[in-house]
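Participant: Here you go, sequence then predicted model.
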Amino acid sequence: MLKSVLAGSALLTAAALPAFAGEIPQAIRDAGKLTLAINATYPPMEYVDPETGGFKGLDIDLVDALAEKLGLEVERTDGAFKQLIPALTTGRTDFILSGMTDTEERQEAMDFVDYMKAGAQFYVLTDSPIQDPAELCGKRVGTVRSTTYPGLIEAWSNANCVEAGKEPIEIVGAESSPDTRAQLRQGRFDAAVQGGETIPFTSAQEGGNVYRLIGEPLTEAYYGAAFRKEDSEFRDAVADALDEMIADGTYGAIFEKWELSSHALPAVMINGEPRE
């Protein structure tokens, strides 16, 4: 497990921490840091820089700026995506901000501060003959099994393949986004599904024009920071800080740096709804 501590601003005393409508938990104030579990396999949201071994990505920059505004430091531990929610429920992470989609099912156990537009999308190798998702009926499509993407593929297949009298898509689960892309390159899948916003960066990172998006996003969704239901005051404090970052330009500069300005929001939301 890769672990790192990244400094925010100079550490402030609990009494000097900024005041927001919500409240930073006393345990976090006393520790002077945010302890976060992440899954650093999803560029450009979060990934391990092969040159430095450190964490990079939009989510990394966003949390570092958030911590600075809150007068805290950040300690991150890298692990599997499927372990993020258990880490939250058992208190091993203060919250989750690691390319996680806000869904109604997840809202049953967690609250989300939505900070970015996202959308799962089919993609293929650039030299693939497949030009349209309709051509995927009866073919193998890979994706990360622990995400919401298998269900989205199944729903699309039922509506566009099965109801049209065609063979359904064969959905194949992979362990991670890098594993999915590796198996696609090895010819084990005909196509795959990942957040469409990540494909241009990933394609360039892996050596050039490797992947090509096809069709429209399977759904309109948001990436959200996930909190335990009982941590509503903490959730609101983070939402306040993110809204301040939107107002002062910090948020916009981060999205521009990662060429994802079209996915930025005018204001954060709670569980997919505008804040009151």
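Facilitator: Arrived safely, thanks for sending.

Participant: Quick one: residues contacting the closest residue in space to Gly138 that isn't next to it in sequence.
Facilitator: Excluding its sequence neighbours, the residue lying closest to Gly138 (CB to CB, 6 or more residues apart in numbering) is Glu167, at 3.4 Å. No exception for glycine: its C-beta is placed from N, CA and C like everyone else's. Residues near Glu167 by CB atoms under 8 Å, 6 or more residues apart in numbering: 137-138, 161.

Participant: where does Glu167 land in three-state SS?
Facilitator: At Glu167 the chain is in coil, as set by DSSP: H, G, I helix; E, B strand; the rest coil.

Participant: what's the spacing between it and Glu135?
Facilitator: Taking CB to CB, to the nearest Å as the measure, Glu167 falls 12 Å from Glu135.

Participant: can you check Ala109 too?
Facilitator: Ala109 is 37 Å from Glu135, by CB to CB.

Participant: These two: which is more packed in?
Facilitator: Neighbours were counted for Ala109 and for Glu135 using other CB atoms under 10 Å; Glu135 has more, 17 against 12.

Participant: Pop out the phi and psi values for the more buried one.
Facilitator: phi -80, psi 0 (degrees, to the nearest 10).

Participant: just Pro274 next, same as before
Facilitator: Torsion angles, degrees, to the nearest 10, at Pro274: phi -60, psi 150.

Participant: check contacts around it.
Facilitator: Ala267.

Participant: Check Glu273 and give its pLDDT.
Facilitator: We have a pLDDT of 96 for Glu273.

Participant: no no, Ala182
Facilitator: 96.

Participant: For it, grab the count of nearby residues.
Facilitator: 14.

Participant: helix, strand or coil for it?
Facilitator: Under the three-state scheme (three-state DSSP), Ala182 adopts helix.

Participant: before we move on, what about the one 5 residues further on?
Facilitator: Three states are possible here, and by three-state DSSP the one that applies to Gly187 is coil.

Participant: what are the phi and psi values for it?
Facilitator: Dihedral angles (degrees, to the nearest 10) for Gly187: phi 80, psi 10.

Participant: Also the one 3 residues further on?
Facilitator: In terms of degrees, to the nearest 10, the main-chain angles of Asp190 are phi -90, psi -30.

Participant: How confident was the prediction at it?
Facilitator: Note on Asp190: pLDDT of 98.

Participant: got the contact list for it?
Facilitator: Contact analysis of Asp190 by CB under 8 Å, 6+ apart lists 124, 128, 130, 136, 139-141.

Participant: Could you list the low-pLDDT ranges of this structure?
Facilitator: Residue ranges of the chain with pLDDT under 70: 1-21.

Participant: in it, which spans are helices?
Facilitator: With DSSP state H as the criterion, the chain has helices at 26-31, 58-70, 84-89, 104-107, 149-160, 177-185, 199-205, 232-248, 250-257.

Participant: would you turn these into a markdown table with distance to Thr219?
Facilitator: Shown next, in a markdown table, are the helices of the chain (distance: least, CB to CB, whole Å):
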| stretch | distance to Thr219 |
| --- | --- |
| helix 26-31 | 33 |
| helix 58-70 | 20 |
| helix 84-89 | 20 |
| helix 104-107 | 12 |
| helix 149-160 | 6 |
| helix 177-185 | 18 |
| helix 199-205 | 16 |
| helix 232-248 | 23 |
| helix 250-257 | 21 |
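
Participant: Return the most buried member of those helices.
Facilitator: Of the helices of the chain, the one with the most neighbours on average (mean count of other CB atoms under 10 Å) is helix 58-70, at a mean of 22.

Participant: burial measure for the nearest residue to Pro217 once chain neighbours are set aside, as a count.
Facilitator: Nearest non-adjacent residue to Pro217, counting by CB to CB, 6+ apart: Gly119, 3.1 Å away. By the criterion of other CB under 10 Å, Gly119 has 17 neighbours.

Participant: dump the residue contacts of Gly119.
Facilitator: For Gly119, the contacting residues are 195-197, 217-221, by CB under 8 Å, 6+ apart.

Participant: coming back round to it: for PyMOL, write a command that selects the buried ones of the contacts of Asp190.
Facilitator: Buried members of the contacts of Asp190 can be picked out in PyMOL with the line below, counting by 16 or more other CB atoms under 10 Å:
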select buried, resi 124+130+136+140+141
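
Participant: so of the contacts of Asp190, which ones are in strands?
Facilitator: Per DSSP state E, strands hold the following members of these: 124, 140-141.
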